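Novice: give the three-dimensional model of this entry:
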Amino acid sequence: QVQLVESGGGLVQAGGSLRLSCTASGRSFSGFFMGWFRQAPRKEREFVAAIRWSSGGTYYAESMKGRLTISRDNAKNTAYLQMNSLKAEDTAVYYCAADDGMKYGPPQNLDYYHYWGQGIQVTVSS
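Specialist: Below is the predicted model:
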């Protein structure tokens, strides 16, 4: 079993930046991807970004491309999501997710992931 814990959320003014972290613990992470999703009030959970764990290849939601950087530290079993130029509409609960290594992608698909963090609130004030 893999546990995912997010950190780094909070309140930020529009135009500001935040860096979220997601650390995997428990059984050694052996999946292909770690991803970030978000869910705003009364909306469905949506894809934000993902990273291929071995190569560092990245995937971004088109709507947020240019404002995001996803990275990872394999030694720390941690993925990071740097978010810049934040807008009020970025306000949501952000979730980290990881697959179980049984299938390769697609990393943009919510149903692909086996493990989920508890979520962390990001609030952008306008």
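
Novice: any idea how far the closest residue to residue 17 other than its chain neighbours lies from residue 110?
Specialist: Distances taken as C-beta to C-beta, 6 or more residues apart in numbering place residue 84 nearest to residue 17, at 4.7 Å, with adjacent residues excluded. Yep, even glycine has a C-beta here, placed from its N, CA and C like the rest. Separation of residue 84 from residue 110 (C-beta to C-beta, to the nearest Å) stands at 24 Å.

Novice: and what of residue 93?
Specialist: Distance from residue 93 to residue 110, by C-beta to C-beta: 14 Å.

Novice: neighbour count: those two, which is higher?
Specialist: In this view residue 93 and residue 110 are compared by other C-beta atoms under 10 Å, and residue 93 has more residues nearby, 18 against 15.

Novice: could I get the phi/psi values of the more buried one?
Specialist: phi -90, psi 130 (degrees, to the nearest 10).

Novice: give me the nearest residue to it, chain neighbours excluded.
Specialist: That would be residue 119: by C-beta to C-beta, 6+ apart, it lies 4.3 Å from residue 93.

Novice: what's residue 103 in contact with, if anything?
Specialist: Neighbour list for residue 103: residue 112 [criterion: C-beta atoms under 8 Å, 6 or more residues apart in numbering].

Novice: that one in helix, strand or coil?
Specialist: coil (DSSP: H, G, I helix; E, B strand; the rest coil).
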